[in-house]
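Pasting the sequence and the predicted model now:
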Amino acid sequence: MKLLHTSDWHLGRPLYGRNRHGEFEAFLDWLAGVVEAEKVDLLAVSGDIFDTTTPSNRSQELYYRFLHRISRSSGCHVVVTGGNHDSPSLLEAPGALLRELRVHVAGAATADPGAAVLVLEDGGGAPLAVVCAVPYLRDRDIRTAGPGEGADDKNRKLIEGIERHYAEVCAAADACRSGLAREVPLIATGHLFTAGGATVDGDGVREIYVGSLARVGPSSFPECIDYLALGHLHVAQRVGGSDRLRYSGSPIPMGFGEAGQRKLVLLVEFEGRTPRVAELPVPCFRPLERIAGTIGELSARLLELRAAGSDAWLEVEFRGDEPAAVVQEELDRAVSGSLLEILRIRSSRQQASALAGSFEGEALEELDREAVFARCLDARGIEESLRPGLAECYHELLRSMDEEDAMSGEGGLP
C-alpha cells in the first residue's frame, strides 16, 4: 500500500503582489505525474489547500482540475482535510460529488468520532487502509471556556482537547480495523503546531491557538497510529525524531524565508503496518533568492545571476550610505533586460524609509498580521511590560475572527 503525503499548498497565495498561478499549476501537474508513475493508493493533503477562506475562481479551478485528473488517470483515493486557512463549508460543499471520484473531504471536526473514520478499499473491494481524517481542530471544537480562566488554563484545556479528540477518533478507527479480514495500516491526518516544530522567518505560519503556547508533543497521539500525516509547518520534518509522525512541509517556497529550502512530498510504503518513508524532492518552479550587501556587492551578484540566465524573484537588502536614487539606478541597470525581478528592497540603515518610497514600497498587504500589530505597538510607544498581555488579547481576537470567517465562508484578514 502506497501513501503520498503533502500539505500546505496555499493555492492563490501571492508574493508581494505577484500572482503565482503558474507555479501552483506546475506543482499540481508534477504531483499528478508522481501519483500516476508511483501507482499511489492514497494521496493525503493535510490542510491549507487554499491560502484564504475565499479563494479565487482560478485557484478553485486548479484544485478541481487536479482532482479530476487524479480520478481519471490513477483511481487512487484522495483524503483532503481542512487547515486553518481553509473554509470548511467551501471544502465540504461538493463532498457528495467528490466521493464519486474517490475524494474524501473533512473540512471541520464532527461531534461523532466515528464520522472521521474511513475504510479505503482497492479496486477489488479488499481493504487498503483505515484513515482518521482529522482536520484543523478549532478552539470551539475542543475546548469549553470557563469563567476566570488564565492563559495557562486555556492552553492546558486546548492540549487536553486535542489529545481527547485523537484518542476518541483513533479508538473508533482501531475498533473498525480489528473487524477487517486482513491487517491494514491506520493512517491519521492533522493540522497543528507540535512542540519543537521548526519554522523559518517569513514563512507566514500562524500561531493557531490562543497564547501561542498550545503545541502538542509526540505522546499526544495514540500508539495505534501507524503514520500521522501532518500539515501547518512549512518545513518538512519529523516529530520527536519519529518516521511515523511527519510534516511534509509546503511544496513551494511561500516567502523569501523559505528561499533555498528543500521542498518535499513524502512517499510512504507499508509492509503490513510498518511505514517506510521516501522523500521526493519537488522541482523548483520559480527560484526565490535573498541577496545582501553594498551597491558593488549587489551589482556583482545580480550580474552573476543574469549571466546564468536566472529568472529568480529577489529580495534585496542594501547595506550602505549611498542615496536611494543612486541605489535604484544601479540595481535597475543590473537587472535591465534580464529575467530577474526585484520584488522587495530593504535597507539595514536609516535609508529604509527613503528606499521604500523610491522602490515598490511596503504596502499593507505585504505585511503579515504580526508585523502590523508590532508596528502599531511601536508607533504608539507601548511599554515592553504591557506587550505580552496585549499580544494575547490580539491573538484571541484574530482566532475568533478566523474561526467565524472559516465557518461562514467569508473572507477575513489575510
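Yes, it's here. Model, not experiment: these values are computed from the prediction.

pLDDT below threshold where in the stretch 51-200 of the chain?
Residues of the stretch 51-200 of the chain meeting the criterion pLDDT under 70: 145, 200.

let's see it at 50
For the stretch 51-200 of the chain, no stretch is flagged by pLDDT under 50.

Which residue ranges of it form helices?
Here the stretch 51-200 of the chain has its helices, by DSSP state H, counting those that start in this stretch, at 57-73, 88-92, 95-100, 139-142, 151-178.

List the buried residues in the third one.
The neighbour-count check on helix 95-100 (16 or more other C-beta atoms under 10 Å) flags residue 98 as buried. For the C-beta atoms, the positions are set from N, CA and C on the backbone; glycine is no exception.

which residues sit against it?
With contact meaning C-beta atoms under 8 Å, 6 or more residues apart in numbering, helix 95-100 is reached by 67, 104, 105.

Verify the stated contact: the first one with residue 101.
This points to residue 67. Yes. With contact defined as C-beta atoms under 8 Å, residue 67 and residue 101 form a contacting pair (6.3 Å).

what touches both of the two?
residue 78.

of these two, who's got more company?
residue 67 (22 against 17; other C-beta atoms under 10 Å).

is it fair to say residue 257 lies in a strand?
No. Using DSSP: H, G, I helix; E, B strand; the rest coil, the assignment for residue 257 is helix, not a strand.

and residue 9, helix, strand or coil?
Taking three-state DSSP, the label given to residue 9 is coil.

That one: neighbouring residues, count only.
That count, for residue 9 with other C-beta under 10 Å as the rule, works out to 28.

what's the burial count for residue 291?
If we define neighbours as other C-beta under 10 Å, then residue 291 has 19 of them.

Correction: the previous question concerned residue 65.
14.

Kindly report the same for residue 375.
12.

per-residue pLDDT, it?
Per-residue confidence (pLDDT) for residue 375: 73.

Compute the distance between it and residue 369, please.
11 Å (C-beta to C-beta, to the nearest Å).

Equivalent analysis for residue 186, please.
Taken as C-beta to C-beta, the span from residue 186 to residue 369 is 37 Å.

And residue 217, by the same measure?
According to C-beta to C-beta, residue 217 and residue 369 sit 27 Å apart.

Show me which of residue 186 and residue 369 is the more surrounded one.
A side-by-side neighbour count of residue 186 and residue 369, using other C-beta under 10 Å, places residue 186 first with 21 against 15.

ok, now which ones touch the more buried one?
129, 130, 131, 132, 170, 173, 174, 177, 224, 225, 226, 273.

ok, 6 Å please
The neighbourhood of residue 186, defined by C-beta atoms under 6 Å, 6 or more residues apart in numbering, consists of 130, 173, 177, 224, 225, 226.

can you put those residues in CSV and add distance to residue 254 and neighbour count?
Shown next, in CSV, are those (distance: C-beta to C-beta, whole Å; neighbours: other C-beta atoms under 10 Å):
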residue, distance to residue 254, neighbour count
130, 32, 25
173, 32, 26
177, 36, 21
224, 33, 17
225, 28, 20
226, 30, 21
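
Show me what residue 227 bridges to in the sheet.
residue 187 (DSSP bridges).

That one against residue 188, yeah?
No. At 7.6 Å, residue 227 does not count as touching residue 188 under the criterion of C-beta atoms under 6 Å.

Give me the more crowded residue out of these two.
residue 188 (28 against 25).

Which residue, neighbours along the chain excluded, lies closest to the more buried one?
Nearest residue to residue 188, sequence neighbours excluded (C-beta to C-beta, 6 or more residues apart in numbering): residue 132, at 3.9 Å.

neighbours of that neighbour, just the number please.
31.

ok but residue 265 is inside a strand, no?
Yes. Secondary structure assignment (three-state DSSP) places residue 265 inside a strand.

how close does it get to residue 217?
Residue 265 is 25 Å from residue 217, by C-beta to C-beta.

Of these two, which one has the most company?
More crowded of residue 265 and residue 217, by other C-beta under 10 Å: residue 265, with 23 against 13.

correct me, but that one touches residue 6?
Yes. Using C-beta under 6 Å, residue 265 is in contact with residue 6, at 4.6 Å.

Between those two, which contacts overlap?
If you check residue 265 and residue 6 against C-beta under 6 Å, 6+ apart, the residues they both contact are residue 248.

Which stretches in the stretch 201-350 of the chain count as strands?
227-231, 237-239, 242-247, 264-271, 274-281, 288-293, 313-318, 341-347 (DSSP state E, counting those that start in this stretch).

Distance to residue 44 and mean pLDDT for these - can I get that in TSV?
Converted to TSV, these look like this (distance: least, C-beta to C-beta, whole Å; pLDDT from 0 to 100):
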stretch	distance to residue 44	mean pLDDT
strand 227-231	4	98
strand 237-239	16	94
strand 242-247	11	95
strand 264-271	9	97
strand 274-281	12	97
strand 288-293	27	94
strand 313-318	30	94
strand 341-347	33	89
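
Could you identify which of those is most buried?
Each of those was scored by mean neighbour count; the highest is strand 227-231, a mean of 28, by mean count of other C-beta atoms under 10 Å.

So which elements touch it?
Where contact means 3 or more C-beta pairs under 6 Å, 6 or more residues apart in numbering; DSSP states H and E, strand 227-231 is packed against strand 42-46, strand 186-191, strand 242-247.

With just CA atoms, put the second one into PDB.
If I follow you right, that is strand 186-191. Output of strand 186-191 as PDB, limited to C-alpha atoms (Å, rounded to 0.1, in the frame of the first residue of the first chain):
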ATOM      1  CA  LEU A 186      -4.100   3.000  10.400                       C
ATOM      2  CA  ILE A 187      -3.300   6.500   9.000                       C
ATOM      3  CA  ALA A 188      -4.200   9.800  10.600                       C
ATOM      4  CA  THR A 189      -4.000  13.400   9.500                       C
ATOM      5  CA  GLY A 190      -3.600  16.600  11.400                       C
ATOM      6  CA  HIS A 191      -3.100  20.300  11.000                       C
END
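
what does stretch 135-147 contact?
Under C-beta under 6 Å, 6+ apart, the answer for stretch 135-147 is 47, 81-84, 106, 108-109, 157-158, 161-162, 165, 191, 403.

residues of it that come out buried?
Quick answer for stretch 135-147 (16+ other C-beta under 10 Å): 135, 136, 137, 138, 139, 141, 142, 143.

which two in these are spaced the farthest apart?
Largest separation among the buried residues of stretch 135-147 by C-beta to C-beta: 135 and 143, giving 16.0 Å.
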